[in-house]
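Engineer: Dropping a prediction and its sequence here:
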Amino acid sequence: MKNLLFIGVDQLRWDCLGPCKAVPVKTPNLDRLIENGVSFDRAYCTSPLCTPSRASMLTGDYAFTHGMGTNCDMYHALARELTRPERLLHNDLRRAGYRCGFVGKWHVGVEKGPGDYGFEGDAPAGYGNIVKTKAFQDYLSSTGLSYSIEPELYFNPDQQTMAAGRWRGPQASTPCHFLTDQIIGMLQGLAGGSAPFFATVQYWDPHGPHLISDEFYGVTDRTKITPWNNFSDDLSGKPRRVKRERDDFYRNHPRTEEELVAYIGYYCDHVAMLDCEIGRLLDYVDQSGLAENTLVVFTSDHGDMTGAHGGLIDKGLPYSEAMRVPLIFSHPSLQSGRRDALALNMDILPTALSLLGVSYAPRQAEDLSAQVLGTSQQGRDYLLAEYHGLRFLYSQRILVSRDNFKYIFSPGDMDELYDLDSDPGEMRNLAAEADYADVLSRMRSALIDETARYLDPLRDCVAKFNGQWRTHSGQFDVTSAYLTEAAPRGGQRTCPD
């Protein structure tokens, strides 16, 4: 293999595909990619939010290192642009002689887009509204296509926060069809040269609002949709902000099973639309002969709550629905199968570069090539993830252990501990249960170690909230400032004569 095709999507749940599918969504193309590829069953996003997760995938660093901890275009953004663009991993591919192309959603800076960092293509900066771009308008004009929008569901009163409806037009008039044409055109151009290439298409789908084209509207059998097992969650074992965010930001969130099933149906129709377009792209890769020398990678920037836990909507929450993502590596030389190692989506490019034989400077991400190749199954003992807030700044750290416990540290509220084997829906917070005191202690200690290892700026907070008051971060400490090294810890000092 010498080329790399990275297919990314926005807000796709891990349990919509393959053998772990929890809904009756039609995804024959992505199911085929899983069947013929290497898939990671326990893959997570670094942060359940677009900008930090996307910047982490492109740099291999945590958001607390690359600086974009919140969405770059929010009023409370921690950073508007990348502070260390030299860490973008496509730079290593370019130095190795690769041509690099970018199609679709960027969302890693509001003024600078991928073209400003050496990518070929004309992807817009910021979140990007593809339907307003000249390229999309020219496409509709040249093909004689048109569409109209018919909203059918809003999440707030007075027809605010459109959630779903109809895209009154054929599938060929949709943004995801247009993006598929764009990436196929880019591949044709890149493959025509002598240089190897790295091309990525980043679909906006299935991010809401779920506007379903004529061919896919109602394609999901609603009678086969069952409510999420944790829809009955009253949120009593979770931080206060979870309930407030659900009830105040999305006041018309699903409250009955009928409303939930209807919303899941829209989401599944949207995923089916996306699967069709990815199928067109994969068919082109096969039929053009590119499959033999192109590593294909597929993932999502994060998941989607889709009404879980009593009607939670969107992302920005530390629960599995928003944090777990599909992760697939595919090439004819790879032995297909499922991998159990803990993986982060920021591991993708370091792993791909390793498989391609391209050197790069160390990153905070891990190289999963041994797991992809099947020479090792182990991987990391603990997986650290982060969250810095969506509509307001809010620090959290998430830790998942190899034995499938999950610890959520919220400095301003209660801790959470879940046994993901016995409680995959994260309904029972074990943090206050005496029987799990040893597990909680182990997870807290591991979080102290992991945040210290990665130089997480929250590391002193993690340590001190959990009983380690002497830290080594270099932060001013009043005890150390007034005691000499010779003075005994906790001992008495006498005044000099």
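Structural biologist: Great, that's in hand.

Engineer: Going by C-alpha atoms from here, please, whenever you check contacts or count neighbours.
Structural biologist: OK.

Engineer: just the helices in the stretch 251-400 of the chain please.
Structural biologist: Applying DSSP state H, counting those that start in this stretch to the stretch 251-400 of the chain gives helices spanning 257-287, 308-311, 320-323, 348-356, 369-373.

Engineer: Need the mean per-residue confidence for stretch 6-22.
Structural biologist: For stretch 6-22, mean pLDDT is 96.

Engineer: ends of that stretch, how far apart?
Structural biologist: One end of stretch 6-22 to the other measures 25 Å (Cα to Cα, to the nearest Å).

Engineer: buried ones in it?
Structural biologist: Neighbour-count burial for stretch 6-22, counted by 16 or more other Cα atoms under 10 Å, picks out 6-18.

Engineer: Among those residues, name the ones in strands.
Structural biologist: 6, 7, 8, 9 (DSSP state E).

Engineer: So in terms of bridging, what pairs with the last one?
Structural biologist: Each beta-bridge partner of residue 9 is listed here: residue 300, as defined by DSSP bridges.

Engineer: so it makes contact with residue 301?
Structural biologist: Yes. Using Cα atoms under 8 Å, residue 9 is in contact with residue 301, at 6.6 Å.

Engineer: Test my guess that residue 155 contacts residue 253.
Structural biologist: Yes. Counting by Cα under 8 Å, residue 155 does reach residue 253; the two are 5.7 Å apart.

Engineer: Which of those two has more residues huddled nearby?
Structural biologist: residue 253 (23 against 18; other Cα atoms under 10 Å).

Engineer: returning to that earlier point: ranking the helices of the stretch 251-400 of the chain by burial, who's on top?
Structural biologist: When the helices of the stretch 251-400 of the chain are scored by mean count of other Cα atoms under 10 Å, the highest mean neighbour count falls to helix 320-323 (a mean of 27).

Engineer: now it, how far from the chain's geometric center?
Structural biologist: In terms of Cα atoms, centre = their mean, to the nearest Å, the centre of helix 320-323 is set 9 Å apart from its chain centre.

Engineer: for it, what is the average pLDDT?
Structural biologist: The pLDDT scores in helix 320-323 average 98.

Engineer: do the same with stretch 396-415
Structural biologist: Across stretch 396-415, the average pLDDT comes to 97.

Engineer: what do you get for stretch 360-370?
Structural biologist: Rounded mean pLDDT across stretch 360-370 is 97.

Engineer: burial count for residue 242?
Structural biologist: Residue 242: 14 neighbours (other Cα under 10 Å).

Engineer: what does the one 4 residues further on give?
Structural biologist: Burial of residue 246, expressed as a neighbour count using other Cα under 10 Å, amounts to 19.

Engineer: Not counting its neighbours along the chain, what's nearest it?
Structural biologist: In this structure, residue 246 finds its nearest non-sequential neighbour in residue 312, 5.5 Å apart by Cα to Cα, 6 or more residues apart in numbering.

Engineer: Which pLDDT value belongs to the one you found?
Structural biologist: Reported pLDDT for residue 312: 98.

Engineer: before we move on, what about residue 451?
Structural biologist: On the pLDDT scale, residue 451 is placed at 97.

Engineer: Equivalent analysis for the one 5 residues further on, please.
Structural biologist: Per-residue pLDDT puts residue 456 at 96.

Engineer: mind checking how far the nearest residue to it once chain neighbours are set aside is from residue 454?
Structural biologist: Leaving aside its chain neighbours, residue 456 sits nearest to residue 64 (6.5 Å; criterion: Cα to Cα, 6+ apart). The gap separating residue 64 from residue 454 is 9 Å, by Cα to Cα.

Engineer: Looking only at neighbour counts, state which of those two leads.
Structural biologist: residue 64 (19 against 15).

Engineer: Am I right that that one is in contact with residue 458?
Structural biologist: No. Using Cα under 8 Å, residue 64 is not in contact with residue 458, being 9.0 Å away.
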